[in-house]
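Trainee: structure, please.
(one chain, ligands or ions: 2)
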Amino acid sequence: MGEGKNLVGVDIGTSGVKVCQVRESRKGLGLVRLGFVPLGPQVIVDGQVMDQGAVIEALQRVFSEAKIRQRECAISVSGQAVIIRKITVPMMTEAELNEQIQWEAEQHIPFDIKDVQVDYQVLRRRPEASQMDLLLVAAKRDQIEDYAQLARNAKLKPVVCDIDSFTVQNLFEYSRGLPQDQTIVLINVGASLSSLNIVSNGASAFTREIANGGNVITEEIQRQLSVPFDQAEAYKCGGDPSGPSGGMVPQQVVQIIEAVTDSIAAEIQRSIDFYMATSGEGEISRIYVTGGTANLAALGAAVQRRARVPVEAWAPTEKIFVEAREVDTTMLQSRAAQLAVALGLSLRREKETHS
Ligand SMILES: Nc1ncnc2c1ncn2[C@@H]1O[C@H](COP(=O)(O)OP(=O)(O)OP(=O)(O)O)[C@@H](O)[C@H]1O
Ligand SMILES: [Mg+2]
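Mentor: Ligands and ions are numbered 1, 2, ... in the order given. Below you'll find the predicted structure:
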């Protein structure tokens, strides 16, 4: 994946800022620092940063609380400002491709090419047809720039900017490997966004962002039960035993969780159906769910009911061991499902090479 030291993985998510720092050794990946600082419900809304000051403050706090001195970091963007297309180009060398990619992108991207940052990944070389398949990734420069600027304002040095779904895929590859003769689906369900990535024969073949996630559940609980955000969150996560409800969760909460997770599953299924219809691929062998909302068993159950494919809740931390006593292991356990992006980003190095 490159040379130089590992960057600090920084995930600016709707529910909070997550940071991970790892060190690779013969034993594998060791976690040396971990941090989480929550963001209030109005700071990032639907992927838009509404309160920059609060994000900058959270970034500074999370680095100081986690005792991270290194400033070089990897950040990521997600959401609707990213366009991903599988394209076919004539066989060429990496140098030629680097020169050509901008022009190729122009043919496939509906935005003004000046406004987007273009990157690619070689999916397959087909010398017999003198062609190669690429995954073209275009992210709107303003969103990348906004996030990089937030990091710089917090005195960080963003070196790499990735995309949530690829970050998750990189970590999954480290953790499980990517099956070479099967199609799997990686789903990350966070607070306001869900990302879906169909990985076919070891490479990403289709990605989509769905503007639905755990916050929709919380908001619905707030509305129907007339309770504040924090109380609704506590109900959703199983009822707070020390809270006024004494851990008892109203029946309505269970029904809301069922209804919203099913609506997320329905959108996921629509994307899978679309992919199957347009790609002519065979079948999906397994679906992996992660992200904070994957803590709800109802989510996996709903996806499995709709897709009729085995669903597994994948813990991004499964292959990571704790290497420093600065790591708060209680936080690591309770936040495990939320760490795929931050951990995936922490695999990135200062100097990258294209695959
Ligand atoms: N134990 C739990 N049970 C139910 N929901 C949970 C649990 N833990 C976290 N969540 C929910 O997961 C969401 C946060 O997950 P995550 O950290 O993956 O999202 P995010 O990265 O902050 O958001 P996004 O990616 O949408 O910007 C919140 O909606 C939170 O309520
Ligand atoms: Mg997220």
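
Trainee: next, residue 74: secondary structure please.
Mentor: Using DSSP: H, G, I helix; E, B strand; the rest coil, the structure places residue 74 in strand.

Trainee: thought residue 166 was touching it, still the case?
Mentor: No. Under the criterion of C-beta atoms under 8 Å, residue 74 makes no contact with residue 166, lying 11.5 Å away. In this view, the C-beta of every residue, glycine as well, is placed from N, C-alpha and C.

Trainee: show me the helices in the stretch 251-355 of the chain, by range?
Mentor: Ranges of helices in the stretch 251-355 of the chain, per DSSP state H, counting those that start in this stretch, are 251-279, 297-307, 329-335, 340-346.

Trainee: winner for burial among these?
Mentor: helix 340-346 (a mean of 30; mean count of other C-beta atoms under 10 Å).

Trainee: name the helices or strands packed onto it?
Mentor: Other elements packing on helix 340-346 under the criterion 3 or more C-beta pairs under 8 Å, 6 or more residues apart in numbering; DSSP states H and E are strand 8-12, strand 16-25, strand 72-77, strand 157-163, helix 164-176.

Trainee: count of residues packed around the residue lying closest to residue 282 once chain neighbours are set aside?
Mentor: Leaving aside its sequence neighbours, residue 282 sits nearest to residue 183 (C-beta to C-beta, 6 or more residues apart in numbering; 7.0 Å). Residues near residue 183, counting by other C-beta atoms under 10 Å, number 22.

Trainee: next one: residue 66
Mentor: 22.

Trainee: OK, contacts around residue 165?
Mentor: Residue 165 is in contact with 78, 186, 188, 195, 196, 197, 204, 207, 209, counting by C-beta atoms under 8 Å, 6 or more residues apart in numbering.

Trainee: where does the stretch 201-350 of the chain get nearest to ligand 2, which residue?
Mentor: Residue of the stretch 201-350 of the chain nearest ligand 2, by C-beta to the ion: residue 341 (5.4 Å).

Trainee: coming back round to it: ranking the helices and strands packed on helix 340-346 by burial, who's on top?
Mentor: Ranked by mean neighbours (mean count of other C-beta under 10 Å), the helices and strands packed on helix 340-346 are led by strand 8-12, with a mean of 27.

Trainee: now render the helices of the stretch 251-355 of the chain as TSV, adding distance to residue 66 and mean pLDDT.
Mentor: TSV is the format used below for the helices of the stretch 251-355 of the chain (distance: least, C-beta to C-beta, whole Å; pLDDT from 0 to 100):
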stretch	distance to residue 66	mean pLDDT
helix 251-279	31	93
helix 297-307	28	97
helix 329-335	10	97
helix 340-346	11	98
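
Trainee: CSV for the ones you listed, including distance to residue 30?
Mentor: As requested, the helices of the stretch 251-355 of the chain are exported to CSV (distance: least, C-beta to C-beta, whole Å):
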stretch, distance to residue 30
helix 251-279, 34
helix 297-307, 29
helix 329-335, 12
helix 340-346, 11
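
Trainee: out of those helices, flag the one nearest ligand 1.
Mentor: helix 340-346 (6.6 Å; C-beta to the nearest ligand atom).

Trainee: close to ligand 1, is the closest one?
Mentor: No. Against ligand 1, helix 340-346 shows no contacts by C-beta under 6 Å from any ligand atom, the least distance being 6.6 Å.

Trainee: what lies in contact with that helix?
Mentor: Contacts to helix 340-346, defined as C-beta under 8 Å, 6+ apart, come from residues 6-11, 13, 18-22, 73-76, 160, 162, 164, 166-172, 188, 290-291, 316-317, 320.

Trainee: same check on stretch 132-145?
Mentor: Contacts of stretch 132-145 (C-beta under 8 Å, 6+ apart): 77, 79, 81-92, 97, 101, 104-105, 108-109, 111, 115-126, 161, 163, 166, 203-204.
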